[in-house]
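Undergrad: Need a 3D model of the sequence below.
(chains A and B)
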Number of protein chains: 2
Amino acid sequence: MATRTIFIEKGETRITRYVETGTRLLDLIQNEEIPLPATCGGTGRCGTCKVKIKESLPWNRTEEQVLTSGEKREGYHLACQILIDKGLHIEVPQLQEEKLQVMENSVERDFDFLPFLRKIYIPMQNPEVSDLHSIYDYLSDVEKLEFTLEQLRQVPVLIREKEGLTLTLDPNGKVIHLERGDTTDQLFGIAFDIGSTSVVGYLLDLNSGKELGVASRLNRQAQYGADVLSRISYAIEKKNGVKVLQKTVIEVMNEIISELTEKSEIDAKNILDCTIVGNSTMQHLLLGISPKSLGQAPHIPVIQQEFMLFARELDLNIPNALVRVLPNLGGFVGSDTVGVILATKMYEQEQLTLAVDIGTNGEMVLGTKDRLVACSSPAGPAFEGGQIRHGMRAIEGAIGNVWIETDLKYEVIGNTKPKGICGSGLVDLVAELLRIGIIDPSGRIKNKQEVPPIVSFFLKKRIIEKETGNEFIIVEPEKSATGEAITLTQQDIRELQLAKGAIYTGIQLLMNQLGIAPEQINQLYLAGGFGSYIDSYNAKRIGLIPQIDENKIKTVGNAAGYGAKLALLSKVEWQKGIQLASEIEHYNLSEVNGYERVFVESLDFPKTERWLK
Amino acid sequence: MATRTIFIEKGETRITRYVETGTRLLDLIQNEEIPLPATCGGTGRCGTCKVKIKESLPWNRTEEQVLTSGEKREGYHLACQILIDKGLHIEVPQLQEEKLQVMENSVERDFDFLPFLRKIYIPMQNPEVSDLHSIYDYLSDVEKLEFTLEQLRQVPVLIREKEGLTLTLDPNGKVIHLERGDTTDQLFGIAFDIGSTSVVGYLLDLNSGKELGVASRLNRQAQYGADVLSRISYAIEKKNGVKVLQKTVIEVMNEIISELTEKSEIDAKNILDCTIVGNSTMQHLLLGISPKSLGQAPHIPVIQQEFMLFARELDLNIPNALVRVLPNLGGFVGSDTVGVILATKMYEQEQLTLAVDIGTNGEMVLGTKDRLVACSSPAGPAFEGGQIRHGMRAIEGAIGNVWIETDLKYEVIGNTKPKGICGSGLVDLVAELLRIGIIDPSGRIKNKQEVPPIVSFFLKKRIIEKETGNEFIIVEPEKSATGEAITLTQQDIRELQLAKGAIYTGIQLLMNQLGIAPEQINQLYLAGGFGSYIDSYNAKRIGLIPQIDENKIKTVGNAAGYGAKLALLSKVEWQKGIQLASEIEHYNLSEVNGYERVFVESLDFPKTERWLK
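TA: Residues are numbered from 1 along each chain as shown, chains lettered A, B, ... in the order given. Predicted coordinates:
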């Protein structure tokens, strides 16, 4: 077979490979473990696998649609669209690490502060029976200590030190750590929430319960697939796929640990406990367990229960810590949902409550203290700005709010020139265009002559009629940060419809399970980053959430993360989480009869006249 | 400081080192981790650190005493006696691995055959909740399974295999092993008895309880010190001392595993359980725990309790096995004594019973079901032929029995020409020389004219009178395998006196603790290799054991090893061992008042006329 010479550079990295003709460029780059996003899994939809090619190459139809004229001028192509048939010189762009804003917890509640671990100081001993007997003598309430061999080897040295030693124990007598001197005043923990898109860590003082810091990073696994299904594909299909994804998220977690410890001036070796929530796929990948069975019907996780291990087994840079991964509810419904339920205490509510955690993977829980049902729904990255032509995360430069007066108005995060539009802006924009009649309930951007008379000249001017689907100009080139227009394409609306349809389908199916109508819901908790910034009125307008009175809707911020904190700070909450996971019913959307029908019905925007003021 | 060039060769190994003058040759060789015995710890007593030096060097007084003229002719020196002051070319002799004969278990008893581990076959599953749930469904009686991360990662693959999987569990639900297919008919275990001098392993079929093989090796730790105290010194004083000793015994155990698996055609990966007994020092060194606190008064072990771990943590070549180290009684009294007590069921005896396990480290237990007391005593290697001029182990070529008619008579193991004398032969010889009056109760070899008239001309001729102490010719040069005379030196008798005095001191102190006299003892169990081959009549004659009627003395072979087998074959026996270890009183000889006096009194041979027929 013929081979071609491919030269790849990325920053300082330069490699030359002799590659068989017909090889896809994206595969080549990913097999070399050169980070390159491909959030749609290499299907040409997301446009994130852009690379610069020095040679002149024609663009195919997919690339023509996704790349801007500016990008084409600079020689950009989509790596997923290039089948190698000649020697190429490729430049892979450097990823720019975005600074994520960490969401506040807008839910806080009382709990019993009862850390899982305890430290016991044992002064210098002169053992009379054995070294271990001298330790047992200090622990009247412990029947059996469980030492690792490594710990056992340290005992004879430490127990005879003038400063004594400090033992860290879990409730079952398992020795988590042994160290010189009295360190009982140094006991810290980290609670992690591992989302498909972002990872958040909270550093807590386990002596006082005080939060010492919070830090977050994008989950760089996204470069191997934006949503859980595409990551599962990557894990299964690529050589060392599971390992690569595991290593990636652990690197991200280690960066968070570094940031937290540096800012708080806490030594990472004094972090001894760590709780983790995340969806089932994130949990499997973190533990290095193949998510293959999750990826295909009937979507069965390998492990649904909680799991404890030492942080060093995962190469987390908290070398002395215990790691406690909260249990999943089942299927794709992960421990992040357990966290949301813990945080909101839904399991104690007398009246019907719905919690929706809107992220790349959406999760929803519905019910009362007597019965809770849950499911998850693959919304995809649209709400995070992914797979949207000018979409971006809710960071500086993103259009965060949109409303229509005579003309279109918007607010930009950070009050700069806009670079793109984020999820909350997109929901606002589509809701407003629906209200004014520029978009019809099927999601189509109307032609200028089709729009109602109420639509102003200024707004009509923004419609660009195209054969492949109209486009709507949000920001004119001269007003944008990039010098190019920021637009809403017909395809963007389709992506939003798929995303909101997925979320609503999940909610609808839970309502069907309990046989209830939206008006019976007494309380709606909106959780997650997007859920916290969204205009709930517009969310209802586009049919993302049920039509519920505004006063019954409460945003609860990163409730999953708050649940992880509760499990860190209280063994009662940890136990509660374990209990919840074994009790709550969960449904796999795709396994529920009528799923397809509900989903198709959910794609259109609500037709109800009451929205058309 | 001046340096000298030292060239060392041993077999294929050739190294050159530049060494400071004044360095001791033995230290240099041991620091290079070149195996060279030095069973006395480098004091010049044992003569085991012989090396050939190509250059001509004078012999010092110690070497003159220890080396034979033949050895001197060949250029042998004692590495412990050489302080380097010039360049040397050293040849370290290859160790010849002796083939050890394995002792029969002469004690066998009924027990409940209830293996600690069980295998459960789980046919291919189509999990409906999670992979682990499908496993739990097969284990109605297990509340909580404990998987390692590595095992968890195998679950999703194995559970979907057509052949199903087999799970090996301990009684607490800890997963020991996971494997493809139905392997329930393959469940094997090894019981190890790690002695200071030899290591024995028994391979057992844990489905049938049948013994499949037994193998033994010398404990090559002996090259770093013959007895536990000198090994403790080595462990503490040498760089990586603990590690070197640990590695050494594990190599020996791995050789035993190889021999057992090859002979029985069992795959080592199917050996899933392993019990271990040994004295406290052997246990610490096996686990890589510093025995420093054992080595100095009040001789406290780091761990006295039982300890379980995975065999791979010790690099034992039974990669899937659990290792269960039986508990020590305390101090130097190790789990080998627990094994002896298990084997003999002393804990159920109504009448006073004494068990003595005679080895390099001797252990003794005395009492009834109501109270058992135990202690250990450092006999040293004399009973194994160590530190005896022409001493050797009880292997082919060793004089194993001696008696006196008109002249000296002996039997050689394997019916060959004699190479030396082993422990049982030494006891016989000294007992007979005492009987006939050639040795007096103080242990002195009399001059020819001092011996009683009963002593024949042939026997008198064997006495060589020397100023430094007489010598007794056992075998004339022409009758020996080496062409040199085999003799008993005055120093040999001193070594035997120290050894038997140590053992008797232990027994005497236990009798004192219970306030009893020898005649009250109803049963005496003699355990251990030496204990099994010894003539008990002669043992009494030299005062090694109390004067007890012959019909009350029973040899029980390797009772410690049998105890390890019981703990392997029955979880009831394992539990019993744990219980015994927490109940039985143990004494450290050196901590008991009057120890020195009893020891000094025990050195002389019994004067009683009844022995002088």
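
Undergrad: going forward, measure contacts and count neighbours with C-alpha atoms only.
TA: Will do.

Undergrad: What helix or strand is the residue in the stretch 301-450 of chain A that chain B sits nearest to located in?
TA: Distances between the stretch 301-450 of chain A and chain B by CA to the nearest CA are smallest at residue A:302, namely 4.5 Å. Here residue A:302, judged by DSSP states H and E, is contained in no helix and no strand.

Undergrad: From residue B:142, how far out is it?
TA: Distance, residue A:302 to residue B:142, by CA to CA, to the nearest Å: 19 Å.

Undergrad: who has more neighbours, those two?
TA: A count of neighbours by other CA atoms under 10 Å in any protein chain shown puts residue A:302 above the other of residue A:302 and residue B:142, at 30 against 14.

Undergrad: Which residue, other than its chain neighbours, is closest to the residue of the stretch 301-450 of chain A closest to chain B?
TA: residue B:131 (4.5 Å; CA to CA, 6 or more residues apart in numbering or on different chains).

Undergrad: Next, count neighbours for the one you found.
TA: Neighbours of residue B:131 using other CA under 10 Å come to 24.

Undergrad: residues touching it, list them.
TA: A:300, A:301, A:302, A:303, B:155, B:156, B:159 (CA atoms under 8 Å, 6 or more residues apart in numbering or on different chains).

Undergrad: Please tell me the pLDDT value assigned to the first one.
TA: According to the predicted model, the pLDDT of residue A:300 comes to 93.

Undergrad: That one: what secondary structure?
TA: coil (DSSP: H, G, I helix; E, B strand; the rest coil).

Undergrad: looking at it, it is touching residue B:126, isn't it?
TA: No - at 9.3 Å, residue A:300 does not count as touching residue B:126 under the criterion of CA atoms under 8 Å.

Undergrad: more crowded one of those two?
TA: Higher neighbour count among residue A:300 and residue B:126: residue A:300, with 25 against 13, using other CA under 10 Å.

Undergrad: mind checking how far the more buried one is from residue B:155?
TA: 13 Å.

Undergrad: cool, residue A:604 as well?
TA: In terms of CA to CA, residue A:604 sits 42 Å off from residue B:155.

Undergrad: how about the residues of the stretch 301-450 of chain A near chain B?
TA: Within reach of chain B by CA under 8 Å from any CA of the partner chain, the stretch 301-450 of chain A has these residues: A:301, A:302, A:303, A:304, A:309, A:330, A:331.

Undergrad: And the furthest pair within the residues you listed?
TA: A:309 and A:331 (22.2 Å; CA to CA).

Undergrad: Which one's more surrounded, the two?
TA: Neighbour count, other CA under 10 Å: between residue A:309 and residue A:331, residue A:331 has more, with 29 against 17.

Undergrad: what residues are up against the more buried one?
TA: A:280, A:294, A:299, A:300, A:301, A:586, A:587, A:588, B:129, B:130.

Undergrad: Run through the residues that contact the last one.
TA: Okay, so that is residue B:130. Contacts of residue B:130 (CA under 8 Å, 6+ apart): A:300, A:301, A:302, A:303, A:304, A:330, A:331.

Undergrad: do you know how far the spatially closest residue to the fifth one that is not a sequence neighbour is from residue A:335?
TA: With CA to CA, 6+ apart as the measure, residue A:328 is the residue that lies nearest to residue A:304, at 5.0 Å, once sequence neighbours are left out. Between residue A:328 and residue A:335 the computed distance is 4 Å (CA to CA).

Undergrad: Can you tell me which residues in chain A are near chain B?
TA: Residues of chain A lying close to chain B (CA under 8 Å from any CA) are A:127-133, A:149, A:152-153, A:155-156, A:287-290, A:293, A:298, A:300-304, A:309, A:330-331.

Undergrad: Dump whatever helix or strand residue A:192 lives in to PDB, keeping only the CA atoms.
TA: Following DSSP H and E, one finds residue A:192 within strand A:188-194. Extracted in PDB, the C-alpha atoms of strand A:188-194 (Å, rounded to 0.1, in the frame of the first residue of the first chain):
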ATOM      1  CA  PHE A 188      -8.700  18.300  54.900                       C
ATOM      2  CA  GLY A 189     -10.800  16.900  52.100                       C
ATOM      3  CA  ILE A 190     -11.800  17.600  48.500                       C
ATOM      4  CA  ALA A 191     -15.200  17.100  47.000                       C
ATOM      5  CA  PHE A 192     -15.100  16.700  43.200                       C
ATOM      6  CA  ASP A 193     -17.900  17.000  40.700                       C
ATOM      7  CA  ILE A 194     -16.800  15.500  37.400                       C
END
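
Undergrad: what does that strand contact?
TA: Contacts for strand A:188-194 (CA under 8 Å, 6+ apart): A:199-207, A:219, A:270-279, A:282, A:336, A:560-561, A:564-565, A:568.

Undergrad: Listing partners with orientation, what would you give for that strand?
TA: Partners of strand A:188-194 in the sheet, by DSSP bridges, are strand A:198-205 (antiparallel), strand A:271-278 (parallel).

Undergrad: And the helices in the stretch 351-500 of chain A?
TA: A:423-436, A:457-461, A:490-514 (DSSP state H, counting those that start in this stretch).

Undergrad: Give me whichever of the ones you listed is most buried.
TA: By mean neighbour count, with neighbours taken as mean count of other CA atoms under 10 Å in any protein chain shown, helix A:423-436 ranks first of the helices of the stretch 351-500 of chain A at a mean of 25.

Undergrad: returning to that earlier point: so who does the residue nearest to residue A:304 touch?
TA: Here residue A:328 is in contact with A:279, A:280, A:304, A:305, A:306, A:334, A:335, A:336, A:337, A:338, A:581 (CA under 8 Å, 6+ apart).

Undergrad: Let's see if you can find the most crowded of the contacts of residue A:331.
TA: residue A:301 leads the contacts of residue A:331 on contacts (other CA under 10 Å) with 32 neighbours.

Undergrad: and the gap between that one and residue A:380?
TA: Note on residue A:301: its distance to residue A:380, by CA to CA, is 20 Å.

Undergrad: Give the burial count for the nearest residue to residue A:547 once chain neighbours are set aside, as a bare number.
TA: Nearest non-adjacent residue to residue A:547, counting by CA to CA, 6+ apart: residue A:540, 5.8 Å away. Residues lying near residue A:540 (other CA under 10 Å) number 20.

Undergrad: is it true that residue A:540 touches residue A:550?
TA: No - if you go by CA under 8 Å, residue A:540 and residue A:550 don't touch, sitting 9.8 Å apart.

Undergrad: And the average pLDDT for stretch A:203-217 is what?
TA: 95.

Undergrad: buried stuff in it?
TA: A:203, A:204, A:205, A:206, A:207, A:209, A:212, A:213, A:214, A:215, A:216, A:217 (16 or more other CA atoms under 10 Å in any protein chain shown).

Undergrad: what's the first-to-last distance across it?
TA: For stretch A:203-217, the end-to-end distance is 15 Å (CA to CA).

Undergrad: Give me the contact list for that stretch.
TA: Contacts for stretch A:203-217 (CA under 8 Å, 6+ apart): A:98-102, A:113, A:115, A:185-191, A:198-202, A:252, A:255-256, A:259-260, A:263-264, A:569.

Undergrad: Filter those down to the buried ones.
TA: Taking 16+ other CA under 10 Å as the criterion, what is buried in the contacts of stretch A:203-217 is A:100, A:102, A:113, A:115, A:186-191, A:198-202, A:252, A:255-256, A:259-260, A:569.

Undergrad: Pull up the distance across stretch A:321-331, start to finish.
TA: 28 Å.

Undergrad: What segments of the stretch 301-450 of chain A are strands?
TA: A:307-310, A:322-325, A:353-357, A:362-368, A:371-377, A:398-404, A:408-412, A:420-421 (DSSP state E, counting those that start in this stretch).

Undergrad: most neighbours per residue, which of these?
TA: Buried most deeply of the strands of the stretch 301-450 of chain A, by mean count of other CA under 10 Å, is strand A:420-421, with a mean of 32.

Undergrad: before we move on, the earlier item: format the helices of the stretch 351-500 of chain A as TSV; extra columns: mean pLDDT.
TA: Listed next are the helices of the stretch 351-500 of chain A as TSV, based on pLDDT from 0 to 100:
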stretch	mean pLDDT
helix A:423-436	95
helix A:457-461	95
helix A:490-514	95
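
Undergrad: Alright, that wraps it up for me.
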